[in-house]
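A.B. asks: Sequence plus the predicted model coming up.
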Amino acid sequence: MTPRVKPWDVRWVVGDLQGCARELEALLVAIAFEPARDELWCTGDIINRGPESLATLRLWRDVGGRGVVGNHEVYALCARNGIWPRKRDTLDELFAAPDADELLEALRAMPLLAYLPACGTGPAAWLVHAGIHPRWRELVTVATAANAGEHDDAWLQRDDVTFATRVRCCTSDGVRSKFDREPTGCPAPYRPWDEFYAGETLVVHGHWAWRGHYRGRNTLGLDSGCVYGGALTAWCQDEDRMVQVPSRQGTYSRSASK
Ligand SMILES: [Mn+2]
């Protein structure tokens with residue numbers, strides 16, 4: 001293990017990658033990421049939808065990437081085990097890879113909620129893929145219960161896992177809406193989940209490409225829709241600043257994806 005020595009340790013959190021390996025590569029160059037000294041987290045949905053889930057996941061593994069589980073990880077693991085039917089997805093190459101099991105088990109091991117202690121001049125943060133349930137108050141307790149134990153097929157389908165990986169708009173009781181467009185269009189009685197979040201600790205999340213990158217009072221959204229042609233957004237926690245790299249979607253081809 002390489003010793004981690006300040007002041008060069010920097011913690012980054014990147015939004016939904018969705019198989020956008022080339023954008024991840026570009027980001028790592030843009031931020032001069034050094035795996036031996038820096039830390040890279042993802043808000044989940046590392047794979048699927050985009051063209052290169054396998055390459056994304058291998059790059060992620062190779063730089064020591066961490067993250068929280070997203071709904072596309074849940075889908076991939078359930079589809080792989082045959083407990084959910086395969087839908088239209090872009091996971092064939094990943095599933096056929098010789099290291100598929102190793103890569104998928106690394107996704108399964110990711111927590112639902114991760115606490116990132118304050119570092120540098122940046123605030124502490126909770127990391128979650130989609131959002132926090134309105135009734136979740138003591139997040140340390142919630143996270144301990146949610147992350148504990150084996151993340152088996154039953155865990156993947158638990159209510160807390162489903163909520164935290166899928167919510168965009170909900171009621172104050174935590175009933176979710178299927179609405180997935182801009183928050184301003186959210187139909188009553190549903191409201192964007194963060195309106196019910198009363199905690200003081202910053203929550204960093206992804207999952208809401210239509211909302212894009214935004215900063216609320218105590219929330220930070222990092223899904224700027226890279227797979228749809230938006231930027232790939234990353235947050236440097238140490239300096240509390242954002243870095244974005246442009247999407248390469250539309251420039252992909254079979255030959256270019258090697
Ligand atoms: Mn998602």
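C.D. replies: Great, that's in hand.
A.B. asks: C-alpha from now on. contacts and neighbour counts both.
C.D. replies: Will do.
A.B. asks: For the stretch 51-200 of the chain, which residues score under the pLDDT cut-off?
C.D. replies: In the prediction, the stretch 51-200 of the chain carries no residues with pLDDT under 70.
A.B. asks: What distance do you get for Gly64 to Glu105?
C.D. replies: Using C-alpha to C-alpha, to the nearest Å, we find Gly64 at a distance of 14 Å from Glu105.
A.B. asks: do Ala30 as well
C.D. replies: Per C-alpha to C-alpha, Ala30 is found 29 Å from Glu105.
A.B. asks: in the stretch 101-250 of the chain, which spans are helices?
C.D. replies: Taking DSSP state H, counting those that start in this stretch as the criterion, the stretch 101-250 of the chain carries its helices at 139-147, 153-156, 159-166.
A.B. asks: Give me the contacts around the last one.
C.D. replies: Think helix 159-166. With contact meaning C-alpha atoms under 8 Å, 6 or more residues apart in numbering, helix 159-166 is reached by 69-71, 112, 128-133, 146, 155-156, 176, 207.
A.B. asks: And for the first one?
C.D. replies: Among residues not part of helix 139-147, those counted as contacts by C-alpha under 8 Å, 6+ apart are 111-114, 136, 160-161.
A.B. asks: ok, so of those, who is nearest Asp89?
C.D. replies: Within the contacts of helix 139-147, the smallest distance to Asp89 is 20.9 Å, found for Val161 (C-alpha to C-alpha).
A.B. asks: What is the burial count for the closest one?
C.D. replies: By the criterion of other C-alpha atoms under 10 Å, Val161 has 21 neighbours.
A.B. asks: Kindly report the same for Gly185.
C.D. replies: Applying other C-alpha under 10 Å, we find 11 residues neighbouring Gly185.
A.B. asks: so how far is stretch 110-125 from its chain's centroid?
C.D. replies: Between the centre of stretch 110-125 and the centre of its chain there are 14 Å (C-alpha atoms, centre = their mean, to the nearest Å).
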